[in-house]
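Visitor: what's the 3D shape of this:
(one chain, ligands or ions: 1)
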Amino acid sequence: MPAIAPPSSSLCGPSSPCGASVCADEVVNVSSRGALRRLPGPPSRRAAPAWRTLRLRALLVGSLMAATLVSGPAAARDLIVRTETGSVKVTEVASGLKNPWSLAFLPDGRMLVTERPGTMRIVGRDGMVSAPIAGVPEVHARGQGGLLDVALSPDFATDGLIVFSYAEPTAKGARTAVARALLDADALRLEDVRRIFAQNEDPSGSHHWGSRLVFARDGTLFVTLGDRFHQRERAQAIDSHLGKVVRIALDGSVPADNPLVGRAGALPEIWSWGHRNVQGAALHPQTGELWTHEHGPQGGDEINRTRAGLNYGWPEVTYGREYVTGRTIGEGETRAGVEAPVLQFTPSIAPSGMAFYTGDVFPQWKGSLFVGALKFQLLARLVLDGERVVHEERMLTELGRRIRDVRQGPDGHLWLVDETEGRILRLDPA
Ligand SMILES: [Ca+2]
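Guide: Model (predicted):
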């Protein structure tokens, strides 16, 4: 099991700002200025104090100007960064978003963007940010919860459907849910909104919702579901939706070939179990299999080939440790019958967003797997040989921002969601 060497000592521990309870993603109610205050950065970020100070000043001024989130094209605030394979320009395409979580490209190149507090907007090709789209259900916008992922139906051009995930409030607590809706992009409206999935448990608490949405090649939908933090033992229970990946059809029904269909006491939606908090998922471009990553606790973030009917271990098998005490969790790092990760990160980078790069704009990156990082505030490029990770590059440390999502655009560029400053960024060859 390769363990990637960290760029610095662990940023998370009993004496760290985030050591008191939950770490990594796992910073609660992040406001842009709050995140900058609370999170220590990797050395490379601290190595650019002048640039950083300017950005902080710009942010303070910008916050006064952001009375409305309907904004024009972003001012040019671009950055050239070096990578192992040449320089890259980080272009700010849009700004003024509040805790953006996910983006999905429409066929015409516009972007559908979710903001965790509960709004969905359209960002034009020129960076213009729309007013909120009407029809989004009420969300539990607390902690890490709120409006989360969004994806287009594979047949969007003909059916006009989108799916989105959110923390759904209930009388008792909240749960991860998924809805589908018809998108009228020009009228900024969702129609015929139908909830197609909700977890069968709705504990209180506001952490670990998952919830990435990826359509398989057969048109079924993978949904990743967090363990809700205090309920981690339920990740091993196959009568619970906590700590699972599930696979459903677009109408919410259960595909007949799901691995636990017909097993007594099991929920038939379950695809795989033993997950902690999966905030990145994508299909491998060659095999078509689902790959995911998940947050470890203190150490032990994982990248997994996420296969039908397999147990991914949490919380019985993990490379991570308990917060604060540093004690071991469960039985150890490996066990027969538990699927080992393709790669684990100790210390935790806090991964979010995932994309296999298949475009032509950066030929040197073709076949690489990109993973955003929240706590370490960087973009990881993983070089694959088949299904093995043979090299890791950590880039964009100069940016020093929480990267919440990473997507390949239809233009072949790599696109990033900067959660810290509420921006959409595009990578261009420099
Ligand atoms: Ca695992």
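Visitor: Report the closest residue of this structure relative to the ion.
Guide: Gly313 (3.7 Å; CB to the ion). Bear in mind the C-beta positions are built from the backbone N, C-alpha and C, glycine included.
Visitor: what's near enough to touch that residue?
Guide: Gly274, Gly330, Arg335, Val338, Glu339 (CB atoms under 8 Å, 6 or more residues apart in numbering).
Visitor: tell me, how many neighbours does the fourth one end up with?
Guide: For Val338, the tally of surrounding residues (other CB atoms under 10 Å) stands at 18.
Visitor: Show me what it is bridged to.
Guide: Applying DSSP bridges to Val338 gives these bridge partners: Asn311.
Visitor: sorry, back to before: any of the contacts of Gly313 buried? List them.
Guide: Among the contacts of Gly313, those scoring as buried are Gly274, Gly330, Val338, Glu339 (criterion: 16 or more other CB atoms under 10 Å).
Visitor: Between which two of those residues is the distance greatest?
Guide: Within the buried ones among the contacts of Gly313, two members stand farthest from each other by CB to CB: Gly330 and Glu339, at 14.7 Å.
Visitor: circling back: now tabulate the contacts of Gly313 in CSV and tack on pLDDT and distance to the ion.
Guide: What follows is these, written out as CSV (pLDDT from 0 to 100; distance: CB to the ion, whole Å):
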residue, pLDDT, distance to the ion
Gly274, 98, 6
Gly330, 96, 10
Arg335, 97, 10
Val338, 98, 7
Glu339, 98, 7
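Visitor: Let me know the secondary structure of the residue in the chain sticking out farthest from the centre.
Guide: What lies farthest from the middle of the chain is Ala264; by CA atoms, centre = their mean that is 32.7 Å. Of the three states, Ala264 takes coil under DSSP: H, G, I helix; E, B strand; the rest coil.
Visitor: Check Ala177 too.
Guide: strand.
Visitor: need the contact list for it.
Guide: Ser165, Tyr166, Ala167, Glu168, Arg195, Phe197, Ala198, Gln199.
Visitor: Report the separation between Phe356 and Gln286.
Guide: Per CB to CB, to the nearest Å, Phe356 is found 9 Å from Gln286.
Visitor: which of the residues in stretch 144-159 are buried?
Guide: Within stretch 144-159, the residues that count as buried by 16+ other CB under 10 Å are Gln144, Gly145, Gly146, Leu147, Leu148, Asp149, Val150, Ala151, Leu152, Ser153, Pro154.
Visitor: so which of the residues you listed are also by the ion?
Guide: Among these, not one lies near the ion by CB under 5 Å from the ion.
Visitor: Narrow those to those in strands?
Guide: With strands taken from DSSP state E, the overlap with the buried residues of stretch 144-159 comprises Leu147, Leu148, Asp149, Val150, Ala151, Leu152.
Visitor: Correct me if wrong: the fourth one contacts Tyr166.
Guide: Going back to what we said before, that points to Val150. No: contact between Val150 and Tyr166 fails when scored by CB atoms under 8 Å: they sit 9.7 Å apart.
Visitor: check contacts around Pro285.
Guide: Applying CB under 8 Å, 6+ apart, we find Pro285 in contact with Phe356, Thr358, Gly367.
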